[in-house]
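**Student:** Need coordinates for the below:
(chains A and B)
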Amino acid sequence: MGEFINIFIKTAFVENLVLAYFLGMCSYLAVSKTVKTAFGLGLAVIFVLGITMPINWLINTYLLSDTGIFGIDLTFLRFILFIAVIASMVQLVEMVVEKYSPSLYTALGIFLPLITVNCAILGGSLFMVSREYNLTQSVAFGLGGGFGWFLAIIAIAAIREKIRYSNVPPALRGLGMAFILTGLMGIAFMSLMGIDPAAFSGN
Amino acid sequence: MAEATAQDQAVQEKEPLFGKKERKLLTDPLNDNNPITVQVLGICSALAVTSLVYPSIVMSVAVVFVTAFSALFTSLLRNYIPKQVRLIVQLVIIATLVTVVELTLKYLNYPVYKQLSVYIGLIITNCIIMGRLEAFSMGNKPWRSFLDGVGNGVGYGVILIGVAIVRELFGKGTLFAGSPIEMPIIGPTADYWINTTDNWWFGWYANNNLMVLPAAAMFVIGIMIWVQRSYNTKLVDVS
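**Tutor:** Purely as a prediction, here's the structure:
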C-alpha cells in the first residue's frame, strides 16, 4: 500500500505527465478554454488511463514477452496492440457511459473519442514498459498520471478564463499565452522535484 | 465528399507533377498553416526531445517519413476503407510505419534511440498525422497526399529544430552534441571555441540552465508564435 501511494503521488505531482513530460499537450491546449469542459475531459482521462494501464500491462507480460503464453518475443507488436487496446477501451467507456449515465455522456460530448489520440495514454503505457513496473505499480501509475493531468488542465483552464480580462499583446493572445503559462506552471511544479514520497509513507 | 470528387475530376484533366497547387501543398505548412504554431497539433511528442539538436533532427526525419508514407498508403486505400472503422485502419497504418522507424533507428543508432525512448512510439498519437489523414488523405489523390504529408512533416521539423538550436546553444553552449559533427561553441573550459573563463569579451557569459529544462521549450515556442503572429497578422486569435 505504501508503494502504491508513493507512485501515485510521484506521478501526480513530481513527475506530472503534462508539465514534466509534455504528454497530452494537444488536447490540453485545445480544450482548456473553460473550466467546465476541462473538468469533463480530465475525469475521462483519469478513467481511461486507469483502465488501459493494467490491461496493457497484462498484454505486455503475458502475450508479448518471451516468458508469456506464446514463448516467443513479440515486442515488435507492442505499438499496434497498445493502440488497439486504447481505441477499443475508449469505445467501450463511451458505450457504458452512454447507457448508464446519459448526463455525463452529454457533458463529455466529443472529448471521449478524442482521448484515443491523447499522447498521455499511450505514453503512460510506454513509460510503464520502459520502467518495468509490476501490476500494482502500473495501476498506481495510471491513476496518478491521470490525476496529475486532471490537475494541470483544471489549473490552466482557470488561468485562461481569468487572463481573458488582461491586456495581452494581440499577437500573443490565446495560443502564445497558453504556451508561456504552461512553461511557468512547469517551473512551479518543478519546485516539487526531489521530494521522495517514500520518506513519508514509511517505505 | 462531393467537393472532393469534383476536385478529383478537375485534377484528372491536367495533373502536373509540380504544378502551382502541388507547390502550395509543400510550402503552406511552413508558415500559414504550420502544424505546431497554427494548427496546434503534435506538440506532445515534440517538446521533450528538443533539448539537443541531433535527436531533434532524427525525430524530424522520422516524423516526415511517417507523415508522408501514412498519407500515401491511406490515400491509396481511401476508397476501400469503410467509414466506421477508418480510425482503426489509420491507426494500424501509422503504428506499422512507426514500428518500422523504431526498429530501423534501434539498428542504426542505438544511443539516439535510447535518448528518444518513448517519444518515437508516441509518433503514433502525434495528432499531425491523424489530423492530416482525416482532413486531407481520405479525400485526395496519392501524390498530392504524399506532398501534403511531406509538407506537414517538414513544417513540424523546422519548428522542432529551431527550438532545439535555441535550447542547446544557450543551455549547453554546444550544437549537434552527440553527432559526428559536434560543435562546442561557448563554455567555461578550453574545449570550447569561446572560452569564457579568461575571455575579456565573454567573461560575463554563463550557460542558462533553465534552457535545458522542459519548461524552456514552452517559452521558446510561445515566443516563436508571438513573432510569427506579429508578422502574419491574419493568424491573430480574436477570441
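
**Student:** and residue A:151, how many residues sit next to it?
**Tutor:** 17 (other C-beta atoms under 10 Å in any protein chain shown). Every residue, glycine included, has its C-beta placed from N, CA and C.

**Student:** now it: how far from chain B?
**Tutor:** Separation of residue A:151 from chain B (C-beta to the nearest C-beta, to the nearest Å): 17 Å.

**Student:** Ok, residue A:179 next?
**Tutor:** 4 Å.

**Student:** How about that residue, nearest residue that isn't a chain neighbour?
**Tutor:** For residue A:179, ignoring the flanking residues on the chain, the nearest one in space by C-beta to C-beta, 6 or more residues apart in numbering or on different chains is residue B:222 at 3.5 Å.

**Student:** my read is that neighbour is in a helix, agree?
**Tutor:** Yes. If the criterion is DSSP: H, G, I helix; E, B strand; the rest coil, then residue B:222 is within a helix.

**Student:** so what's it up against?
**Tutor:** Applying C-beta atoms under 8 Å, 6 or more residues apart in numbering or on different chains, we find residue B:222 in contact with A:172, A:176-180, A:183.

**Student:** Give the buried subset of these as a PyMOL selection command.
**Tutor:** Applied in PyMOL, the following selects the buried portion of those according to 16 or more other C-beta atoms under 10 Å in any protein chain shown:
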select buried, chain A and resi 172+176+177+178+179+180+183
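
**Student:** Mind checking which of the contacts of residue B:222 are in helices?
**Tutor:** With helices taken from DSSP state H, the overlap with these comprises A:176-180, A:183.

**Student:** so what does the lowest-mean-pLDDT helix or strand in chain A touch, helix or strand wise?
**Tutor:** For chain A, counting by mean pLDDT, DSSP states H and E, helix A:111-114 ranks last in confidence among helices and strands (a mean of 70). For helix A:111-114, the elements it packs on are helix A:35-59, helix A:78-100, judged by 3 or more C-beta pairs under 8 Å, 6 or more residues apart in numbering or on different chains; DSSP states H and E.

**Student:** To residue B:208, which of those lies closest?
**Tutor:** helix A:35-59 (32.3 Å; C-beta to C-beta).

**Student:** Please compute how far that closest one lies from its chain's middle.
**Tutor:** 6 Å (C-alpha atoms, centre = their mean, to the nearest Å).

**Student:** From the contact counts, what lies against it?
**Tutor:** Partner elements for helix A:35-59 (3+ C-beta pairs under 8 Å, 6+ apart): helix A:78-100, helix A:102-108, helix A:111-114, helix A:119-130, helix A:135-163.

**Student:** Please identify the most buried of these.
**Tutor:** Of the helices and strands packed on helix A:35-59, the one with the most neighbours on average (mean count of other C-beta atoms under 10 Å in any protein chain shown) is helix A:119-130, at a mean of 26.

**Student:** so that one versus helix A:35-59, what angle?
**Tutor:** For helix A:119-130 against helix A:35-59, the angle by axes from the mean of the first three to the mean of the last three C-alpha atoms, to 10 degrees is 30 degrees.

**Student:** Assign residue B:147 to helix, strand or coil.
**Tutor:** Three-state call for residue B:147 (three-state DSSP): helix.

**Student:** give me the low-pLDDT residue ranges for chain B?
**Tutor:** Residues of chain B that meet the criterion pLDDT under 70 lie in B:1-18, B:44-46, B:84, B:199, B:235-239.

**Student:** go again using 50 as the cut-off
**Tutor:** B:1-7, B:9-13 (pLDDT under 50).

**Student:** can you give me the helices in it?
**Tutor:** Taking DSSP H as the criterion, chain B carries its helices at B:2-13, B:20-27, B:44-47, B:53-77, B:86-108, B:110-116, B:118-121, B:127-135, B:142-171, B:214-231.

**Student:** Deepest-packed of those, please.
**Tutor:** Ranked by mean neighbour count, those are led by helix B:44-47 with a mean of 30 (mean count of other C-beta under 10 Å).

**Student:** returning to what we had before: could you dump the contacts of residue B:222 to JSON lines with distance to residue A:126 and pLDDT?
**Tutor:** Formatted as JSON lines, those follow (distance: C-beta to C-beta, whole Å; pLDDT from 0 to 100):
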{"residue": "A:172", "distance to residue A:126": "34", "pLDDT": "80"}
{"residue": "A:176", "distance to residue A:126": "30", "pLDDT": "82"}
{"residue": "A:177", "distance to residue A:126": "31", "pLDDT": "85"}
{"residue": "A:178", "distance to residue A:126": "26", "pLDDT": "85"}
{"residue": "A:179", "distance to residue A:126": "25", "pLDDT": "86"}
{"residue": "A:180", "distance to residue A:126": "28", "pLDDT": "88"}
{"residue": "A:183", "distance to residue A:126": "24", "pLDDT": "86"}
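
**Student:** what's the distance between residue A:119 and chain B?
**Tutor:** 3 Å.

**Student:** Centre of the chain to stretch A:74-93, how far?
**Tutor:** Offset of stretch A:74-93 from its chain centre (C-alpha atoms, centre = their mean): 16 Å.

**Student:** Could you do stretch B:49-63 as well?
**Tutor:** Using C-alpha atoms, centre = their mean, the offset of stretch B:49-63 from its chain centre is 9 Å.

**Student:** swap in stretch B:198-217?
**Tutor:** Chain-centre distance of stretch B:198-217: 26 Å, with C-alpha atoms, centre = their mean.

**Student:** Not counting it itself, show me its contacts.
**Tutor:** Applying C-beta under 8 Å, 6+ apart, the external contacts of stretch B:198-217 come out as A:19-22, A:182-184, A:186-187, A:190, B:47-48, B:50-51, B:163, B:166-168, B:170-173, B:186-188, B:194, B:196-197.

**Student:** start to end distance for that stretch?
**Tutor:** Terminal residues of stretch B:198-217 lie 31 Å apart, using C-alpha to C-alpha, to the nearest Å.

**Student:** same thing with stretch B:115-132?
**Tutor:** One end of stretch B:115-132 to the other measures 28 Å (C-alpha to C-alpha).

**Student:** pLDDT at residue A:138, what is it?
**Tutor:** Note on residue A:138: pLDDT of 90.

**Student:** Could you measure from it over to residue B:95?
**Tutor:** With distances taken as C-beta to C-beta, to the nearest Å, residue A:138 is found 21 Å from residue B:95.

**Student:** now swap in residue B:78 and tell me
**Tutor:** Separation of residue B:78 from residue B:95 (C-beta to C-beta) stands at 18 Å.

**Student:** Please apply the same query to residue B:156.
**Tutor:** 19 Å.

**Student:** cool, and residue A:70?
**Tutor:** Counting by C-beta to C-beta, the gap from residue A:70 to residue B:95 is 20 Å.
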